[in-house]
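In: What follows is a predicted structure for the sequence shown.
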Amino acid sequence: MPITRATVTTDNASLNLKKLCRHFSHKVETQFDDDHGEIRFPFGTALLDAQPGELVMQGRSDSEETLARLEDVIAGHLVRFASKESLTVEWQRD
């Protein structure tokens, strides 16, 4: 199972995590609190961890293609929701 990871520098890690999870909870199964989140898409799962000064994200999927889709969906929404910050998401695959 392909895995991808990204660590995003942000002063609002918990807020960004909750925004992502709340948004997707209207469409797919999610679980989250202030520090941890899980979003289960039909094409993969995203795990989010808010730490001081950074949001750590991990994605898992069945194929490289669907993993790329997961990366695009999570990164695109994060950057849009955190529009007051200039965030950069650089995924690294295992």
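Out: All right, it came through fine.

In: the strands in this structure, which residues?
Out: Residue ranges of the strands in the chain, as given by DSSP state E, are 3-9, 29-32, 36-41, 44-51, 54-60, 92-93.

In: residues making contact with the longest one?
Out: This points to strand 44-51. 13-14, 16-17, 20-21, 32, 34-39, 55-62, 66-67, 69-70, 74 (CB atoms under 8 Å, 6 or more residues apart in numbering). Quick note: C-beta positions are derived from backbone N, CA and C, even for glycine.

In: Show the average pLDDT along that strand.
Out: Regarding strand 44-51, the rounded mean pLDDT is 98.

In: what's the angle between it and strand 3-9?
Out: Put simply, strand 44-51 runs at 30 degrees to strand 3-9, going by axes from the mean of the first three to the mean of the last three CA atoms, to 10 degrees.

In: sorry, back to before: select only the buried ones of the contacts of strand 44-51 in ChimeraX?
Out: One line in ChimeraX is enough to select the buried members of the contacts of strand 44-51, burial here meaning 16 or more other CB atoms under 10 Å:
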select :13,14,16,17,20,21,32,37,39,55,56,57,58,59,60,61,66,67,70,74
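
In: So for the longest helix along the chain, what gets flagged as buried?
Out: Longest helix of the chain, by residue count under DSSP state H: helix 64-81. For helix 64-81, burial by neighbour count (16+ other CB under 10 Å) applies to 66-68, 70-71, 73-75, 77-79, 81.

In: cool, and stretch 40-49?
Out: For stretch 40-49, the neighbour count (16+ other CB under 10 Å) marks 41, 43-46, 48 as buried.

In: And it, end to end?
Out: With CA to CA, to the nearest Å as the measure, the first residue of stretch 40-49 is 15 Å from its last.
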